[in-house]
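[1] make a model of this:
(chains A, B and C)
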Amino acid sequence: MKKTVEIPLGSQHISLLEPIRFRFHCENEVIRDVDADVGFVHRGVEEACASRFEFKQVGYVVARVCGLCAITHSLGYTLAVEKLLHVSTNERIKYLRMLMVELDRIHSHMLCLAHTSENAGFEALFMQIMNDRELIMDVQEALSGNRVQFDYISIGGVNRDLSVEAAALVLRNLALLEPKIDELFERFTNNWSLSLKYRGIGALSLEQAYMYNTLGPLARAAGLVTDVRLETDDFPYAQVGFEIITERGGDIYARNLVRLRELKQSMQMVRNIVEGLPEGAIQEKTKGKPEGEAIARVEAPRGELMYLVRGNKTSILERVRIKTPTFSGIPAMIEIFKGSNFADAPAILASFDPCMSCTAK
Amino acid sequence: MNKIDVSLENVVETIKAFYDPAAHHFLTLNALRAPEDQIELEWIFTRYGVIEEPTVFTLTCKRDVLIPSVTSFIPSAIMSERETVDMFGVSIEGAKRGLYLDDDSLQMPLGRCRV
Amino acid sequence: MLNAFIQALKNLVSKPVTLQYPLAQDIVLPPQYRGLIEYSAEDCIFCDKCEHACPPRAIIFFQEENGDKVYRYNPHLCIYCGECVRACPKPEEALWQSEKKQPFAVRAENVNSEWKVWEERCHSSREAFAAAKKAKKAAKAQSESVQGDL
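    Coordinates of the predicted model:
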């Protein structure tokens, strides 16, 4: 007699934002083995970047890989190409780029928290967080001119300066958001459904985190000290008050706490950036064609994003390799699922904050 | 980045001797088309928590040979190995086809010769 | 726990935060919204820089036989990145980014296939013009060499 039952989750499921299919091999309630199928939204971006588009246009192409982390994608690509063109940007450009990335992190983490609360049965809290998230979306729209497709970063600089009104709007909306995040913090630590119920569910040990090369909030919740902001010197993160945040336990509760604490820290960093913005031009002169190979790493909201670019002195690049956070996180996700209850699967999945458009590119 | 050339015979041993799970972070396996129907593979590693240039192990070999896998000691490499198999039409030990592509889709989009 | 309950009760009696679009309220676009690309033929110097810079190739110039060029723009293909305006040697005069909202594409307008026809015609007009120019040059060179022989 066969002991396990196969239950699929996805590719269309109420708890999923994007198409991914898991096939759980369950023994009664407990998941024993998992198959993941991630390629539903493959669009061939890497191929397009290296054949149809010139290197100056590719920054806008890779921004379309993912809607939520559009800014980190264009930043990763731009950093890699700037290394090939030997362009060094001034402090103001670095600060403005950091500003957008941190704003992006705030709204992405809020989206994830909204979905984790929804999967705990908190529809109303989901709506409330999504409503509060609009404050940051408004700021990003005012800064870049569009709500989702920011197209803010170009090779050699940024496309827009921070106006006085926009800076005031950033500070005003952050002040409005601050008490709401505090309230969320209280809710995620004290509410029975969100704290006690999530403790010990979907846990990842530190050894497993090392073993499966986890990254982003998933690794930091397990106590693994890894953050690209700490591991690269492309941006002066220490100046704006960045400190690594880690938790212990590696369960959904710890992941939520990491995200909430990062939210608060990112808000403080945004404030520091706006208040201490150095003077300078927003665009540096670039010339020449990319030659050689460069790797750029950026800390996206979900973890480490890597771009490898190789050029051969022509306008068309030879290779653009995109390594997205969820892509490398999937083996760890599969490991976490093993041994959990099937009923917890949607909640565990939401706490990973998976991004399928990034994964399949 | 620090590049280390490896050969088809010693690639697994070299990476195994280098890789320390508690210190090194496996970034990805990257592949590139090389002239004369060859393929260039790059295993990229960084360190946790410190500023350091990535270490890259490069291997250039024929497209039709069986490339050894590092998944025995880096389990998370399975994703990039499967992606490389799909995109470049090479064969890597233990990596199935079909992560992104179906049987009836255009095969090995990045491995084809561009005119 | 109690706070959440109080908040839920408050939410029950408070106004909805969503907008009644498009019936009661209109969406207010923020200042400096990245909208439609606008063009003025009088100021354009026809350098084709915007055409080369555009990532989705939403700007194409049609070449007429007498040497004039006609600007063609597809708002449905445009990604509103503003790269063309930054490439333009005369920004704000010949080419600029307005704050107008992009139009909706409706099926009756047949935007896709019509644009493909246009794209094809623009490219063939370019090729025909280049070929004619080359033929003219060759004819001129030939006549010059004939004159030289005499």
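[2] could you point out the longest helix of chain C?
    As assigned by DSSP state H, the longest helix anywhere in chain C is helix C:111-149.
[3] and chain A, is stretch B:31-41 touching that?
    Yes - using C-beta under 8 Å from any C-beta of the partner chain, we find that stretch B:31-41 touches chain A at residue B:32. Placement of C-beta: from N, CA and C, glycine included.
[4] got the phi/psi numbers for residue A:334?
    phi -60, psi -40 (degrees, to the nearest 10).
[5] contacts only, for it.
    A:34, A:36 (C-beta atoms under 8 Å, 6 or more residues apart in numbering or on different chains).
[6] hmm, try it at 10 Å
    By C-beta atoms under 10 Å, 6 or more residues apart in numbering or on different chains, the contact list for residue A:334 reads A:22, A:31, A:33, A:34, A:35, A:36, A:212, B:75, B:78.
[7] kindly report the same for residue A:201.
    A:251, A:252, A:253, A:336, A:340, A:341, A:344, A:347, A:348, A:351.
[8] could you report the neighbour count for the second one?
    By that I understand residue A:252. 28 (other C-beta atoms under 10 Å in any protein chain shown).
[9] got it, and the last one?
    Counted with other C-beta under 10 Å, residues neighbouring residue A:351 total 29.
[10] how about the closest residue in space to it that isn't next to it in sequence, what does it touch?
    In space, residue A:351 comes closest to residue A:252 once its chain neighbours are excluded; the distance is 4.3 Å by C-beta to C-beta, 6 or more residues apart in numbering or on different chains. Contact analysis of residue A:252 by C-beta under 10 Å, 6+ apart lists A:116, A:119-120, A:194-195, A:197-203, A:221, A:336, A:344, A:347-348, A:350-352.
[11] circling back: ok, the contacts of residue A:201 vs chain C, which is closest?
    Distance to chain C across the contacts of residue A:201 (C-beta to the nearest C-beta) is lowest for residue A:253, with 16.2 Å.
[12] host element of the closest one?
    helix A:252-275 (DSSP states H and E).
[13] all helices of chain A, in order?
    For chain A, applying DSSP H gives helices covering A:45-49, A:55-62, A:70-85, A:91-119, A:123-144, A:164-190, A:206-211, A:217-221, A:228-231, A:252-275, A:325-337, A:345-352, A:356-360.
[14] so which residue is smack in the middle of the chain?
    Using chain A here. residue A:301 (2.4 Å; C-alpha atoms, centre = their mean).
[15] can you pull the contacts of the residue nearest to it when sequence neighbours are not counted?
    Using C-beta to C-beta, 6+ apart and skipping residues adjacent in sequence, the residue nearest residue A:301 is residue A:108, 3.6 Å away. Listed by C-beta under 10 Å, 6+ apart, the contact set of residue A:108 reads A:66, A:68-69, A:71-72, A:133, A:136, A:259, A:263, A:300-302, A:353, A:355.
[16] ditto for residue A:22
    A:7-11, A:13, A:16, A:31, A:34-38, A:333-334, A:337, A:345, A:349 are the contacts of residue A:22 under C-beta under 10 Å, 6+ apart.
[17] over to residue A:346?
    So residue A:346 contacts A:9, A:13, A:14, A:15, A:16, A:115, A:118, A:119, A:120 (C-beta under 10 Å, 6+ apart).
[18] over to residue A:87?
    Neighbours of residue A:87 in contact, by C-beta under 10 Å, 6+ apart: A:78, A:79, A:81, A:155, A:156, A:157, A:284, A:285, A:286, A:287, A:288.
[19] can you tell me which of these is closest to chain B?
    Compare each of the contacts of residue A:87 with chain B using C-beta to the nearest C-beta and the shortest gap goes to residue A:79, at 13.5 Å.
[20] can you get me a residue count around the closest one?
    Neighbours of residue A:79 (other C-beta under 10 Å): 24.
[21] repeat for residue C:132
    Residue C:132 has 12 nearby residues by other C-beta under 10 Å.
[22] over to residue B:36?
    7.
[23] which pLDDT value goes with it?
    We have a pLDDT of 76 for residue B:36.
[24] could you do residue A:105 as well?
    The model's pLDDT for residue A:105 equals 90.
[25] residues in contact with it?
    By C-beta under 10 Å, 6+ apart, residue A:105 lies in contact with A:69, A:71-72, A:136, A:259, A:262-263, A:265-267, A:269-270, A:299-302.
[26] tell me which of those has the lowest pLDDT.
    The lowest pLDDT within these belongs to residue A:69, with 83.
[27] residue A:145 touches residue C:98, doesn't it?
    No - Residue A:145 is beyond contact range of residue C:98, at 11.4 Å (criterion: C-beta atoms under 10 Å).
[28] now do the shared contacts for those two.
    Residues touching both residue A:145 and residue C:98 (C-beta under 10 Å, 6+ apart): C:33, C:34, C:35.
[29] return the closest of those with respect to chain A.
    Nearest to chain A among those, counting by C-beta to the nearest C-beta, is residue C:34 at 3.5 Å.
[30] ok, is stretch C:114-127 in contact with chain A or not?
    No - applying C-beta under 10 Å from any C-beta of the partner chain, one finds stretch C:114-127 separated from chain A by no less than 14.4 Å.
[31] list the buried residues for that stretch?
    Judged by neighbour count using 16 or more other C-beta atoms under 10 Å in any protein chain shown, the buried positions of stretch C:114-127 are C:115, C:122, C:125, C:126.
[32] same check on stretch A:81-89?
    Buried residues in stretch A:81-89 (16+ other C-beta under 10 Å): A:81, A:82, A:83, A:84, A:85, A:87, A:89.
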